[in-house]
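**Q** Sharing a sequence plus its predicted fold:
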Amino acid sequence: MNKLFPLFYLGSIEYYSKLVEHGQIIFEQYENFPKQTYRNRCVIAGPNGKQNLLLPVLKGRTKQLVKDVRISNTENWQKIHWKSLEAAYRASPYFEYYENEFYPYYHTEFNSLQEFNLKLHETIIRLLQKNNSYSLSDRYEPVNGVDYRSFFSTKTQTNNKNLKEKIYIQVFSDRMGFLPNLSILDLLFNEGPNALAYLRLV
């Protein structure tokens with residue numbers, strides 16, 4: 001049975017909680033690139049609350065397949081994203097342990113959004129110490145199986161109560177309270193080796 005997922009930029013905790021349930025998944029690359037989704041954005045806990053990190057992409061004249069979307073490197077997005085991650089997580093328990101894993105992604109130029117997201121995903125799965133493999137779709141078609149292509153939305157809050165109730169300590173939780181279902185980086189930087197166990201609980 002196929003397990004079909006979209007490919008996100010530093011996907012949410014809910015996204016990875018679904019993903020780690022499966023040993024093998026398929027990332028969709030033949031869908032038309034949808035706007036305002038997590039394919040090129042993530043949400044972190046910054047000093048002033050939730051902060052969206054938007055990865056700029058080049059606009060095509062017509063609809064683009066996900067596999068063909070290019071990153072816009074005319075904007076200084078890498079410096080902005082890295083400084084935002086440092087401001088958000090430098091004081092977290094595990095930032096210094098994982099810093100060198102993510103630093104290169106923000107100091108090396110990438111052109112393909114899919115390549116960038118895939119490499120980040122591979123790093124995240126390795127740090128989660130999860131034996132998980134993936135393949136890329138070879139065409140777009142309805143599947144008979146688990147289909148998460150339209151499951152995650154930037155416009156609605158999660159309905160998963162466990163994500164709201166299973167609290168872990170965040171850097172700014174003393175003044176902002178607990179912010180659920182942020183980017184997987186929030187969980188990794190705050191929980192380190194316990195991140196996978198948390199994902200399996202929610």
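**A** Here it is on my side, so go on. Numbering: from 1, shown residues only.

**Q** so how far is the lowest-mean-pLDDT helix or strand in the chain from its chain's centroid?
**A** Lowest on mean pLDDT, DSSP states H and E among the helices and strands of the chain sits helix 161-165, with a mean of 80. Taking C-alpha atoms, centre = their mean, to the nearest Å, one finds the center of helix 161-165 at 19 Å from the center of the full chain.

**Q** what's in contact with the helix or strand following that helix?
**A** On the C-terminal side of helix 161-165, the closest following helix or strand by DSSP states H and E is helix 173-176. Helix 173-176 is contacted from outside by 45, 49, 170, 179, using C-beta atoms under 8 Å, 6 or more residues apart in numbering. For glycine as for every other residue, the C-beta is placed from the backbone atoms N, C-alpha and C.

**Q** Could you give me the buried positions within the helix ranked longest in the chain?
**A** As assigned by DSSP state H, the longest helix anywhere in the chain is helix 113-128. The neighbour-count check on helix 113-128 (16 or more other C-beta atoms under 10 Å) flags 113-114, 116-118, 120-121, 123-125, 127-128 as buried.

**Q** again, but for stretch 25-41
**A** 25-29, 31, 33, 37-41.

**Q** what's the offset of it from the middle of its chain?
**A** 12 Å.

**Q** repeat for stretch 27-43
**A** 11 Å.

**Q** And the average pLDDT for it is what?
**A** Mean per-residue pLDDT for stretch 27-43: 95.

**Q** measure it end to end?
**A** 21 Å (C-alpha to C-alpha, to the nearest Å).

**Q** same question, stretch 172-191
**A** Note: stretch 172-191 ends 14 Å apart using C-alpha to C-alpha.

**Q** Let me see the confidence value for whatever residue is furthest in space from the centre of the chain.
**A** Farthest-out residue of the chain from its mean C-alpha position, per C-alpha atoms, centre = their mean: residue 61, at 27.1 Å. In this model, residue 61 is scored at 72, pLDDT.
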